[in-house]
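Undergrad: Pasted the sequence and its predicted model underneath.
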Amino acid sequence: MKLPLCKTTGAWLLWLFFGLQAFAQLPDFTLTLTSTPETCNGNGSIGISVSGTNPAATMIYTVYLLPDENNYVTQVNAGPVLNRGAGNYKVVATQSLGAESNTRTAFVTIANNTVPLLFGATITRSRCGNDGAITVNVTSGTAVSYQIIQPFLSPVQASNVFSGLAPGLYKVKATGSCGQEFNIDVTVTAAQTQLAIDAPEIAGGQLPGCNQIQISHFYGTINNFELFFPLTFTFSVNNPNGGAPTVITQTVASGSNLGNDIVVNIPFYNNQAYSYTLSVTNACGAVTPAGTYFINRKLSLNVVTDEVSCGDNMFTLEPDFFVPPYTVSFTSTPDPTFNPVAFNPAHPNFTGSALYGGADNTVPEGNYTVSITDACGRTATQSFLVEDPEKQLLASGTITGCDPTGTIQASVSGRNLVSVIVNAGPPGYPVPQNISSSIQLDGTLERANMPPGTYQITAVDECGEEYTEQFTMVPVAGNPTLTIVNRPGCGPGTGSVRITLPDANASYTLARIIDAPDEFTTALPYVVTSLAVGDDIYINSLPAGAYVIETVDNCNITRTQAFVVEGYAVQANNITVTPRCGSFELTIQHVSNGTLAASFWLQKFNPATNTWGHPGTGVAYPENTLPTALNSVFLNTASQPILNLQYSGQLRILKVFYTFGNGTVANQRCHQVIHNFNFSGFPDIINAYSFPCAAGLTEVALEATGVAPLTFRITEKNSVPFVVNNGTSNIFGGLEPATYMFTVTDACGNSVPRPFTINNIAPPSITMAGFCEGENSSLAVQQFPLVNYEWYEVGNPGTVLSNTNVLSFPAFNSATDAGTYTVRLISATASSCINQALAPVTVVPNNLPNAGADNPGISICSTINSVNLADYLVAPFDAGGSWQDTDGTGQLSDSTFTTTGLSAGNYTFTYVVAGDCNLTDEAMVTIQLKQQPAAPLLAPVPAVCTGSTVQLQAPAVPGATYSWTGPSGFTSNQQNPVITSVGASAGGTYSLAVTVDGCTSPVSQVAVTVNPLPDFSISGSSQLCAGQSTSLTVVPGSGAPAPAVVAWYRDEALIPGASTPTIQVSQTGTYRVEATSLGCPASRSFTITENTINTAILTAGGCDGNDYMVRVTNTDDFPGGTYLWSGPAGFTAEGEQAVITGLPAGDYTVTVNIGGCERVSEPMAVSNSFCRIPKGISPNGDGFNNNFDLSNFDVKNIIIFNRYGLRVYEQDNYTDEWHGQSSAGELPTGTYYYVVSLSSGKRITGWVYLQREI
């Protein structure tokens, strides 16, 4: 639909400003401006002087506060212009005399030299009652006096410090040099103390004196508590012998709240139990009982024995709770000739530890008894044994990850290895082999690149002692499980994970996410191999939900594991801001799952730099970094509420926590703003707004901030006292144009004065713009601050259309937007003259024609002779229009289009309707005329058998689509469809219609006949034993006629003369018969196999208790079978198992018979059929009882001990290797004890007697 452009005309008022407009009668003049800076609120001024004016002329000075050059702020007849705030001003001086006037314009700036009075306070917490303090800290401006005004009124003072305060909330007032009075609330809190004292530590070793012992206590306090120094510690020590306690006091002047030690000497009562009590008195006189502690110490002696080198023994005497010097006396030694001086020349007098013996000066082995007597005459005695320590070789092997080789380690505690020989190793490893070159500087062996397997090594240490040890080094099986750690992410509903391989030495060769929740929009599989760092993968910003990851490590181990990503969620975020005077308190209740290293910070917005930063210093915070004390204020949420926050402005609370990084070990820092708020701190008058009322009076609304409730006053009018107490209302009514001094006072008693000049204002009215169809149009009224607007359509005042000074119609629509409108102006004060509805205006609708939308998509076939074009108009449309034969067919009459005689093609017609203002609209209707195709000629279909293929055939028609239908729901859109493997249901009549260009032909039909195949089976026996025969018979299917047998085949070879339904056969093979029915052939096959036993017979032998059994282990494979055993010396037995305990060694077999078919097992070699543990061995080489034979017990491990309980032999996977030997050589005759662990998990213990030939 096309419409002509709708144009509107109107009157435009163009204001032209000329810097100088002169008339010949008035002289040119000069305008000069000066300024006085603003030092207190609104006390700036503009000085005006002119020269060259006509003395008879009248001067008017119009003052504008830039950038607003349309609305002046004041007009005066002479300078100066007083009570102005800082800013850039334009002054237009107009010289008038009669009807003549001329102007001059000048500009001036009033500098802002105000320094706001800003201050905060720090507190000294009260400890003992009235010893708290408040210090007022002025950070900007000048304060001339200070006073506490609540909860009591203190004298006005010049000092900024208030002392001697009890805990509580105080309101402190500071008076500035401009007369402003600001108050802040300061909470003096009480410090809390709690003394924690540990149990004593009693100093051993040397005593301070014969009758003194040193003790110490660690003491401190808990978080957010203090120790009230000085602290006086009182120890009351009880005398175990009776008498008054000994009292000891010690005062600590200062210390750390984190922890300190009090060390003191108290009386010592040797070898007596006694106690002492401890109490602590703090600076406030409060006494804390610390407890009662018990002491029972005496002179004692500790002896430490050691080996310095190979067999060089020594011992050290270490006295405890002694006073030096002390004397040593040996009362018993292993050698009667023992001379202590030979082993320590200082013997017998010592002041510290006494060492005897050492390198190349070994003390004798054996038992000693020694006594010491200290300077106090006390004696202590100790007995001890000196002997060579037993050394043991520790040997093992380690294979890391999937390495093909490993590392052998070996060491002897306290000695260096000097030689290591490999005696036995895994298959292919050459032995013996000297690997001493791998002995390290610390005397231990570390041999790399060793193949896995079992090793036996012989090592020699630096003392010449030889050791033999056997061990096995095997690869560690790969752990199939990944370790997946979840952390919430930075954003809501997102999380992060760390995925760790079970081997810290492994690495990823492939890692990919193969399943993920719907919120994961990246295509799967998602390869994350690049995010791996060593054996870890770090992924963040994952949508919460269930995932599956697939990994391949450098050992080519594939792991697939599911995991769940937990998204970041906030369960509670309750922030309470409690305003105080000049400060505020915060209570933060923030509960979320993002808790890793979480911290909370207070920041302030700086609009000048568009940055957030420290609310006190203004230091900018670099976004997305970790806040610091330089650019933010840390909020300690462990102690709430958070008091005395002396900041103002636009503030926010920033939460910082951590999640996993993305492809990096470093954690990613998360930032979340959990709360925004504003706190003004002190009151201020931001601006004053005027609104015209009746009788030339003005209503003024003040925009102010501060701690509510605010109260408002007028104190001056044109610099003359003029008092109006307006209470809590910020709207002053009935004011004449003049300069007023307004004052606002907040709930804290802070008050701020500010002058404002009120001028005449034109009354509001509604203006119109636009209102052509589709044009951006609007109704508007002047914008007044602190005024609410409610636009509505007259007659429907309850539906508010806009709450601004503008009612917009973005694309004017007459049908929906025309009407009569007005606007309500609403003030917060019910009695205000602002509250009124303006005179309504009427928006008149446009009258537009409508022919409807174009309709290009009409198709008809040639079988339709005529068309009414009106039937194809698109609603809505205007009736009564005219039709035009656009293509000139000559076959249009009114709205009827006759198709007779026309060829196929497109024909277009135009529908035209007229409207007001010569506007018209058109709609195009296009008819596509198509020809109908003829009925197709179908080829006949011959009869077919079931399972055959039917070919339907139709002639080719250019551009046609084919639509076949037939029996059993058959459909096809092919020209010549093929039906494969047809059944009886496919028989019947098939129909075809062709469609060309949307027009469909008449239907053609063809018949299809389907004959069934013969239905029969072959019956007979499917297995034959040698010499047997059976018959095969053709059996017709249920209800089917007997087919005519044509021929029989065996293994596809024709059987001569076999053409009857039943034949006799005696050979195995596959038999096939061919038969026909209704001309349709069919064949069936039947296989006869030889009846044999094909399954191998599995046998096993071993001890069952004290009997040796042989058995068939897979009897389930031989149902109905019988078993016959045979073996050496004519042994036979029947059954699935047989007992052969004590029978000769040799091969044993079993024969299985099933239905006359037999199979013999492979021979099973039995070397030993005894199942009792030997009670003795005699390794003399005579071939009898030489070894401890456990070969029939499947031993996992054996340990043999001598009668002293010392281990002399150990072997894994033992059979009969022990013949009375240990790692040190042959063992003597005697009884030995064994612990045998079987592979079945059973443990057997007992004894065996070893007999040596004498």
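TA: Now that the structure is in, tell me what you want to look at. Residues are numbered from 1 along each chain as shown.
Undergrad: contacting residues around residue 827?
TA: 701, 731, 786, 787, 788, 834, 835 (CB atoms under 8 Å, 6 or more residues apart in numbering). Where you see a C-beta, it was placed from the backbone N, CA and C, and this is true even at glycine.
Undergrad: redo that, cut-off 10 Å
TA: 691, 699, 701, 731, 733, 784, 786-788, 833-836 (CB atoms under 10 Å, 6 or more residues apart in numbering).
Undergrad: Show me which of those are buried.
TA: 691, 699, 701, 731, 733, 784, 786, 787, 833, 834 (16 or more other CB atoms under 10 Å).
Undergrad: Put together JSON lines for the contacts of residue 827, with secondary structure on each row.
TA: What follows is these, written out as JSON lines (DSSP: H, G, I helix; E, B strand; the rest coil):
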{"residue": "691", "secondary structure": "strand"}
{"residue": "699", "secondary structure": "strand"}
{"residue": "701", "secondary structure": "strand"}
{"residue": "731", "secondary structure": "strand"}
{"residue": "733", "secondary structure": "strand"}
{"residue": "784", "secondary structure": "coil"}
{"residue": "786", "secondary structure": "coil"}
{"residue": "787", "secondary structure": "coil"}
{"residue": "788", "secondary structure": "strand"}
{"residue": "833", "secondary structure": "coil"}
{"residue": "834", "secondary structure": "coil"}
{"residue": "835", "secondary structure": "coil"}
{"residue": "836", "secondary structure": "strand"}
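Undergrad: May I have the beta-bridge partners of residue 183?
TA: Beta-bridge partners of residue 183, counted by DSSP bridges, are residue 173.
Undergrad: coming back round to it: which of the contacts of residue 827 lies closest to residue 1004?
TA: In terms of CB to CB, no member of the contacts of residue 827 lies closer to residue 1004 than residue 788, at 80.5 Å.
Undergrad: okay, and for this protein, where does confidence drop off?
TA: Within the chain, the stretches with pLDDT under 70 are 1-25, 99, 476-479, 681, 760-762, 785-786, 916-918, 1025-1028, 1155-1156, 1254.
Undergrad: which residues of it fall in helices?
TA: Taking DSSP state H to define them, one finds helices in the chain at 340-343, 814-817.
Undergrad: so which of those gets nearest residue 1101?
TA: Here helix 340-343 is closest among the helices of the chain (CB to CB), at 67.0 Å.
Undergrad: helices and strands around that closest one, which ones?
TA: strand 326-332, strand 354-357 (3 or more CB pairs under 10 Å, 6 or more residues apart in numbering; DSSP states H and E).
Undergrad: Pick the most deeply packed of these.
TA: strand 354-357 (a mean of 22; mean count of other CB atoms under 10 Å).
Undergrad: Tell me which other helices or strands that strand touches.
TA: strand 300-307, strand 313-320, strand 326-332, helix 340-343, strand 366-373.
Undergrad: Redo those as TSV? Include distance to residue 403.
TA: Below are the helices and strands packed on strand 354-357 laid out as TSV (distance: least, CB to CB, whole Å):
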stretch	distance to residue 403
strand 300-307	38
strand 313-320	44
strand 326-332	58
helix 340-343	52
strand 366-373	51
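Undergrad: Just tell me which of those ends up closest to residue 1044.
TA: strand 300-307 (108.6 Å).
Undergrad: Ignoring the adjacent residues along the chain, who's closest to residue 139?
TA: Beyond its immediate neighbours in the sequence, the residue positioned closest to residue 139 (CB to CB, 6 or more residues apart in numbering) is residue 118, lying 5.0 Å away.
Undergrad: Show me what the one you found is bridged to.
TA: Under the criterion used (DSSP bridges), residue 118 bridges to residue 140.
Undergrad: any idea how far it lies from residue 170?
TA: 19 Å (CB to CB, to the nearest Å).
Undergrad: More neighbours: these two, which one.
TA: Ranked by neighbour count (other CB atoms under 10 Å), residue 118 and residue 170 place residue 170 first, with 24 against 20.
Undergrad: Tell me, how many residues neighbour residue 682?
TA: Residues near residue 682, counting by other CB under 10 Å: 24.
Undergrad: thinking it is in contact with residue 117, fair?
TA: Yes. At 8.0 Å, residue 682 counts as touching residue 117 under the criterion of CB atoms under 10 Å.
Undergrad: Just give the number of residues close to the nearest residue to residue 549 once chain neighbours are set aside.
TA: Closest residue to residue 549 apart from its sequence neighbours, by CB to CB, 6+ apart: residue 513 at 5.4 Å. Using other CB under 10 Å, residue 513 has 19 other residues around it.
Undergrad: How about residue 679?
TA: The burial count for residue 679: 21, using other CB under 10 Å.
Undergrad: neighbours around residue 540, how many?
TA: Per other CB under 10 Å, the neighbour tally for residue 540 reads 24.
Undergrad: which one of the helices and strands packed on strand 354-357 lies closest to residue 520?
TA: strand 300-307 (65.9 Å).
Undergrad: still on that earlier bit, show me whatever sits in contact with both of residue 682 and residue 117.
TA: Joint contacts of residue 682 and residue 117 (CB under 10 Å, 6+ apart) are 180, 181, 182, 750, 752.
Undergrad: All good on my end, thank you.
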